[in-house]
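Asks: Fold the following.
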Amino acid sequence: MGRVTSIKTAQVDGEEEVGAKASGSQTLLRGLDVIEALIDGPMPLAELSEKLELTRSTTHRLASALVDRRLLSFRPREGYSLGPKLLELGHAASQQMHLPRIARPWLEQLSEQTQDTVHLGVLDGRHALYLDKVAGRRRINIGSRLGERHPIASTGLGKALILDMSEPEWIDFYAPEGVAFDSAARAVWLERMRSYAQKGYAFDLEENEDQIRCVAAPVRSVDGRIVAALSVSSAAQYMSDARMAELTRTVTEAADAISADLGWLPKR
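Replies: All right, here's what the predicted structure looks like:
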């Protein structure tokens, strides 16, 4: 009888522990919901509870606990807002993030998926600086190297890095003041850049290296700024116009995945 009693007691204790864990998880998730609800700005208690679809008492309890931990701030006339602790956490997270390390799994996956060479690069003055490269499996040699700097105007990766810039800035990258250029060729380049900016990707149509084409897309940081770009490059024989069009989605999805790991969220 004593053994049966002890088994039942253990079962009850186990059920209570599971219930406590479930309740704790729900509270944690609700607390995170409170923080996310305030991303767009301060909010009074009534509006916050309505947005979260929680009672005022529950919302007040959650928000008060977050204020105690400095994850939220409270001002009587404004209501609740994001707190200083989040700035500390954000800074710590940014220090721990290393772009090539974060991007590497996605670069490898993209190269495996396409069988082509993949590059990651950033803007370095008037050039694109290559930070990482994953070689493709085709029997061709893409002669780029880590640390190399390539022109912005003639590379797909370079164009992707400046998609958010103004036309005067584009023109300066195409040909700095005082440098001679073909006005007809620049007009064609500008028309393509306008199209690239609208679509969110860029091409290299054998502009930087003969018989080499690429598809590139920008990588964004948490604030939406373009901080890097990636590209898929291959010989022209493997890069027909049709295949390049097909690759745009694959490449932009990989770039967006890296951006998401950096904290970026697409505009809702």
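Asks: For the helix or strand containing residue 169, buried residues please.
Replies: According to DSSP states H and E, residue 169 maps onto helix 167-174. Residues 170-174 are the ones in helix 167-174 that count as buried (16 or more other CB atoms under 10 Å). All C-beta spots, glycine's among them, are computed from the backbone N, C-alpha and C.
Asks: so which of these comes closest to residue 150?
Replies: residue 173 (12.2 Å; CB to CB).
Asks: From what I see, the closest one and residue 152 are in contact.
Replies: Yes. Assessed by CB atoms under 8 Å, residue 173 is found in contact with residue 152 at 4.5 Å.
Asks: so what's in contact with those two at the same time?
Replies: 126, 158, 162 (CB atoms under 8 Å, 6 or more residues apart in numbering).
Asks: Going through those, which one is the model least confident about?
Replies: Least confident entry in these, by pLDDT: residue 126, with 89.
Asks: burial measure for that one, as a count.
Replies: 13 (other CB atoms under 10 Å).
Asks: Adjust the sequence numbering to begin at 798 for everything that follows.
Replies: Let's use 798 as the start, then, which means that last one is residue 923.
Asks: where does the chain have low pLDDT?
Replies: By pLDDT under 70, the low-scoring segments of the chain are 798-820, 890-894, 973-977, 1064-1065.
Asks: And the strands in it, which stretches?
Replies: Using DSSP state E, the strands of the chain run over residues 869-872, 876-879, 914-921, 924-931, 946-948, 999-1002, 1009-1017, 1023-1032.
Asks: Between those strands, which one is closest to residue 1044.
Replies: strand 1009-1017 (4.5 Å).
Asks: Quick one: list the elements packing against that closest one.
Replies: helix 953-958, strand 999-1002, strand 1023-1032, helix 1038-1058 (3 or more CB pairs under 8 Å, 6 or more residues apart in numbering; DSSP states H and E).
Asks: partners of that strand, with directions?
Replies: Sheet pairing of strand 1009-1017 (DSSP bridges) gives strand 999-1002 (antiparallel), strand 1023-1032 (antiparallel).
Asks: most packed of the helices and strands packed on strand 1009-1017?
Replies: Across the helices and strands packed on strand 1009-1017, averaging neighbours per residue (mean count of other CB atoms under 10 Å) puts helix 953-958 on top, at a mean of 30.
Asks: Now it - C-alpha only, CSV.
Replies: The C-alpha trace of helix 953-958 is given here as CSV (Å, rounded to 0.1, in the frame of the first residue of the first chain):
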residue,chain,number,x,y,z
GLY,A,953,26.5,42.5,-59.7
LEU,A,954,27.5,42.4,-56.0
GLY,A,955,28.6,46.0,-56.2
LYS,A,956,25.4,47.2,-57.8
ALA,A,957,23.4,45.3,-55.1
LEU,A,958,25.3,47.3,-52.4
